[in-house]
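Q: build me a structure from this.
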Amino acid sequence: ETAQALEAKLELLISLIRNAEHLVVFTGAGISTSAGIPDFRGPNGVWTAQSKGQPLPRAAVDFSEAVPSLTHQALLRLHQTGRLKYLVSQNVDCLHIRSGFPRRDLAELHGNCFAERCERCGIEYIRDFEVPSVGFKLTGRSCVCGGKLRDHCLDWDDALPEAELRRTETHCAEADLVLCLG
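A: Have a look, this model is predicted:
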(Lines give C-alpha, C1' and ligand atoms only; values in the text may rest on other atoms or scores of the structure.)
Protein backbone atom coordinates (compact mmCIF):
# COMPACT_ATOMS: atom_id res chain seq x y z
CA GLU A 1 0.00 0.00 0.00
CA THR A 2 1.34 3.42 -0.88
CA ALA A 3 1.94 6.12 1.69
CA GLN A 4 -0.67 8.24 -0.09
CA ALA A 5 -3.33 5.51 0.15
CA LEU A 6 -2.52 4.95 3.82
CA GLU A 7 -2.76 8.67 4.53
CA ALA A 8 -6.16 8.84 2.80
CA LYS A 9 -7.43 5.99 4.99
CA LEU A 10 -6.08 7.71 8.09
CA GLU A 11 -7.82 10.97 7.15
CA LEU A 12 -11.08 9.06 6.66
CA LEU A 13 -10.71 7.41 10.09
CA ILE A 14 -10.01 10.77 11.73
CA SER A 15 -13.10 12.24 10.06
CA LEU A 16 -15.28 9.33 11.16
CA ILE A 17 -14.09 9.64 14.77
CA ARG A 18 -14.51 13.44 14.81
CA ASN A 19 -18.06 13.18 13.49
CA ALA A 20 -19.15 10.26 15.66
CA GLU A 21 -21.58 11.05 18.44
CA HIS A 22 -21.44 7.62 20.07
CA LEU A 23 -18.15 5.82 19.42
CA VAL A 24 -17.71 2.29 20.76
CA VAL A 25 -14.35 0.51 20.49
CA PHE A 26 -13.72 -3.23 20.81
CA THR A 27 -10.17 -4.30 21.67
CA GLY A 28 -8.38 -7.62 21.45
CA ALA A 29 -4.98 -9.04 22.29
CA GLY A 30 -3.19 -7.24 19.46
CA ILE A 31 -3.22 -3.93 21.32
CA SER A 32 -1.18 -5.44 24.17
CA THR A 33 1.57 -7.10 22.11
CA SER A 34 3.68 -3.93 22.13
CA ALA A 35 3.43 -4.06 25.95
CA GLY A 36 5.15 -7.47 25.83
CA ILE A 37 2.05 -9.67 26.16
CA PRO A 38 1.69 -12.28 23.40
CA ASP A 39 -1.55 -12.57 21.45
CA PHE A 40 -3.26 -15.80 20.46
CA ARG A 41 -3.90 -15.75 16.72
CA GLY A 42 -1.17 -13.47 15.33
CA PRO A 43 1.88 -14.76 13.43
CA ASN A 44 3.71 -15.19 16.75
CA GLY A 45 0.60 -16.01 18.77
CA VAL A 46 0.05 -18.76 21.30
CA TRP A 47 -2.42 -20.76 19.20
CA THR A 48 -0.41 -20.20 16.01
CA ALA A 49 2.72 -21.67 17.64
CA GLN A 50 0.71 -24.51 19.16
CA SER A 51 -0.79 -25.46 15.78
CA LYS A 52 2.70 -25.55 14.24
CA GLY A 53 4.10 -27.66 17.09
CA GLN A 54 6.42 -24.81 18.10
CA PRO A 55 7.23 -23.70 21.65
CA LEU A 56 4.63 -21.33 23.05
CA PRO A 57 5.65 -17.65 23.08
CA ARG A 58 6.47 -16.22 26.46
CA ALA A 59 5.48 -12.79 27.63
CA ALA A 60 8.36 -10.32 27.38
CA VAL A 61 7.34 -8.99 30.79
CA ASP A 62 5.43 -10.38 33.74
CA PHE A 63 1.73 -9.46 33.44
CA SER A 64 1.97 -7.48 36.67
CA GLU A 65 4.80 -5.35 35.23
CA ALA A 66 3.23 -4.65 31.83
CA VAL A 67 2.44 -1.01 31.12
CA PRO A 68 -0.33 0.31 28.87
CA SER A 69 0.65 0.69 25.22
CA LEU A 70 0.27 3.80 23.09
CA THR A 71 -3.03 2.33 21.89
CA HIS A 72 -4.33 2.07 25.47
CA GLN A 73 -3.24 5.68 26.05
CA ALA A 74 -4.86 6.91 22.82
CA LEU A 75 -8.16 5.24 23.77
CA LEU A 76 -8.03 6.91 27.18
CA ARG A 77 -7.45 10.27 25.49
CA LEU A 78 -10.41 9.70 23.14
CA HIS A 79 -12.55 9.01 26.21
CA GLN A 80 -11.25 12.04 28.11
CA THR A 81 -12.15 14.29 25.17
CA GLY A 82 -15.68 12.85 25.09
CA ARG A 83 -15.30 11.06 21.77
CA LEU A 84 -15.15 7.45 23.01
CA LYS A 85 -18.32 6.57 24.91
CA TYR A 86 -17.72 2.88 25.66
CA LEU A 87 -14.81 0.46 25.45
CA VAL A 88 -15.28 -3.31 25.15
CA SER A 89 -12.25 -5.50 25.75
CA GLN A 90 -11.57 -9.20 25.34
CA ASN A 91 -8.26 -8.74 27.18
CA VAL A 92 -7.71 -9.92 30.74
CA ASP A 93 -4.44 -8.02 31.27
CA CYS A 94 -5.84 -5.00 33.20
CA LEU A 95 -4.01 -2.55 30.91
CA HIS A 96 -7.12 -0.47 30.15
CA ILE A 97 -7.70 0.06 33.87
CA ARG A 98 -3.98 0.73 34.47
CA SER A 99 -4.11 3.37 31.73
CA GLY A 100 -6.71 5.18 33.83
CA PHE A 101 -9.74 4.23 31.75
CA PRO A 102 -12.82 4.46 34.02
CA ARG A 103 -14.37 1.12 34.91
CA ARG A 104 -17.91 2.45 34.42
CA ASP A 105 -17.27 2.90 30.68
CA LEU A 106 -15.38 -0.37 30.18
CA ALA A 107 -16.65 -3.90 29.62
CA GLU A 108 -14.09 -6.65 30.17
CA LEU A 109 -15.97 -9.50 28.52
CA HIS A 110 -13.38 -12.16 29.37
CA GLY A 111 -12.77 -10.81 32.84
CA ASN A 112 -9.61 -9.47 34.43
CA CYS A 113 -6.78 -11.57 35.86
CA PHE A 114 -6.10 -8.86 38.44
CA ALA A 115 -9.67 -8.56 39.72
CA GLU A 116 -11.63 -10.15 42.54
CA ARG A 117 -15.35 -9.60 43.12
CA CYS A 118 -17.41 -10.02 46.24
CA GLU A 119 -20.14 -12.60 45.83
CA ARG A 120 -22.30 -10.74 48.39
CA CYS A 121 -22.12 -7.01 47.53
CA GLY A 122 -20.46 -7.11 44.08
CA ILE A 123 -17.61 -4.73 44.89
CA GLU A 124 -14.59 -5.23 42.64
CA TYR A 125 -11.01 -5.16 43.88
CA ILE A 126 -8.23 -4.52 41.36
CA ARG A 127 -4.99 -6.05 42.61
CA ASP A 128 -1.39 -5.26 41.72
CA PHE A 129 -0.79 -9.00 41.40
CA GLU A 130 -2.31 -11.61 39.13
CA VAL A 131 -5.05 -13.53 40.95
CA PRO A 132 -3.88 -17.17 40.67
CA SER A 133 -7.21 -18.77 39.74
CA VAL A 134 -9.68 -18.52 36.85
CA GLY A 135 -13.31 -19.53 36.47
CA PHE A 136 -14.86 -17.43 39.27
CA LYS A 137 -13.33 -19.55 42.03
CA LEU A 138 -13.10 -18.45 45.65
CA THR A 139 -9.75 -16.78 46.29
CA GLY A 140 -9.64 -17.21 50.06
CA ARG A 141 -9.91 -13.47 50.69
CA SER A 142 -12.87 -11.55 52.10
CA CYS A 143 -14.56 -8.27 51.23
CA VAL A 144 -15.00 -5.43 53.71
CA CYS A 145 -18.68 -6.50 53.93
CA GLY A 146 -17.59 -9.98 55.02
CA GLY A 147 -18.52 -11.62 51.71
CA LYS A 148 -16.19 -14.03 49.97
CA LEU A 149 -14.13 -12.90 46.98
CA ARG A 150 -13.95 -14.75 43.67
CA ASP A 151 -11.55 -14.30 40.80
CA HIS A 152 -12.99 -12.46 37.83
CA CYS A 153 -11.36 -14.22 34.87
CA LEU A 154 -13.36 -16.49 32.58
CA ASP A 155 -12.38 -20.09 32.06
CA TRP A 156 -13.07 -21.76 28.68
CA ASP A 157 -16.59 -22.94 29.51
CA ASP A 158 -17.75 -19.84 31.42
CA ALA A 159 -20.47 -17.60 30.00
CA LEU A 160 -19.76 -13.95 29.31
CA PRO A 161 -20.72 -11.69 32.25
CA GLU A 162 -24.39 -10.77 31.79
CA ALA A 163 -24.28 -7.19 33.09
CA GLU A 164 -21.28 -6.23 30.95
CA LEU A 165 -22.76 -7.96 27.92
CA ARG A 166 -26.03 -6.03 28.35
CA ARG A 167 -24.18 -2.70 28.67
CA THR A 168 -22.17 -3.58 25.55
CA GLU A 169 -25.34 -4.36 23.59
CA THR A 170 -26.95 -1.10 24.75
CA HIS A 171 -23.96 1.00 23.72
CA CYS A 172 -23.63 -0.80 20.38
CA ALA A 173 -27.30 -0.12 19.64
CA GLU A 174 -26.67 3.60 20.28
CA ALA A 175 -23.37 3.69 18.38
CA ASP A 176 -22.94 5.52 15.12
CA LEU A 177 -19.36 4.25 14.85
CA VAL A 178 -17.80 1.01 16.11
CA LEU A 179 -14.07 0.35 15.78
CA CYS A 180 -12.39 -3.01 16.32
CA LEU A 181 -8.68 -2.95 17.23
CA GLY A 182 -6.22 -5.71 17.93
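Q: the lowest-mean-pLDDT helix or strand in the chain: what's the following helix or strand?
A: Scoring the helices and strands of the chain by mean pLDDT, DSSP states H and E places helix 46-51 at the bottom, with a mean of 63. Using DSSP states H and E, the helix or strand that follows helix 46-51 in sequence is helix 70-80.
Q: give the other helices and strands that that next one contacts.
A: Counting contacts by 3 or more CB pairs under 8 Å, 6 or more residues apart in numbering; DSSP states H and E, helix 70-80 packs against strand 23-27, strand 84-89, helix 95-99. All C-beta atoms are positioned from the backbone trio N, CA, C, and that covers glycine.
Q: remind me, longest strand of the protein?
A: Secondary structure of the chain per DSSP state E: the longest strand is strand 111-118.
Q: so for stretch 101-120, what's the average pLDDT?
A: Across stretch 101-120, pLDDT averages out at 97.
Q: stretch 159-173 now?
A: Stretch 159-173 comes out with an average pLDDT of 96.
Q: what sits closest to residue 20 if chain neighbours are left out?
A: With sequence-adjacent residues excluded and distances taken as CB to CB, 6 or more residues apart in numbering, residue 20 is closest to residue 177, at 3.8 Å.
Q: OK, contacts around that neighbour?
A: 16, 17, 20, 22, 23, 24 (CB atoms under 8 Å, 6 or more residues apart in numbering).
Q: ok, now with 7 Å
A: Contact criterion CB atoms under 7 Å, 6 or more residues apart in numbering gives 16, 17, 20, 23 as the residues in contact with residue 177.
Q: residue ranges with poor pLDDT in the chain?
A: 39-50, 56-57, 59-60 (pLDDT under 70).
Q: residue 125 in helix, strand or coil?
A: Secondary structure assignment for residue 125 (DSSP: H, G, I helix; E, B strand; the rest coil): strand.
Q: quick one: contacts for it?
A: Taking CB under 7 Å, 6+ apart as the test, what residue 125 contacts is 115, 116, 149.
Q: any idea how far the second one is from residue 19?
A: By that I understand residue 116. Distance, residue 116 to residue 19, by CB to CB, to the nearest Å: 40 Å.
Q: neighbour-wise, which of the two wins?
A: residue 116 (23 against 11; other CB atoms under 10 Å).
Q: secondary structure element holding the residue nearest to the more buried one when sequence neighbours are not counted?
A: Spatial nearest neighbour of residue 116, chain neighbours left out: residue 149 (4.1 Å); criterion: CB to CB, 6+ apart. Element membership for residue 149 (DSSP H and E) is strand 148-153.
Q: which residues are contacting that strand?
A: With contacts defined as CB under 7 Å, 6+ apart, strand 148-153 is touched by 92, 111-113, 115-119, 124-125, 131, 133-134, 136-139, 141-143.
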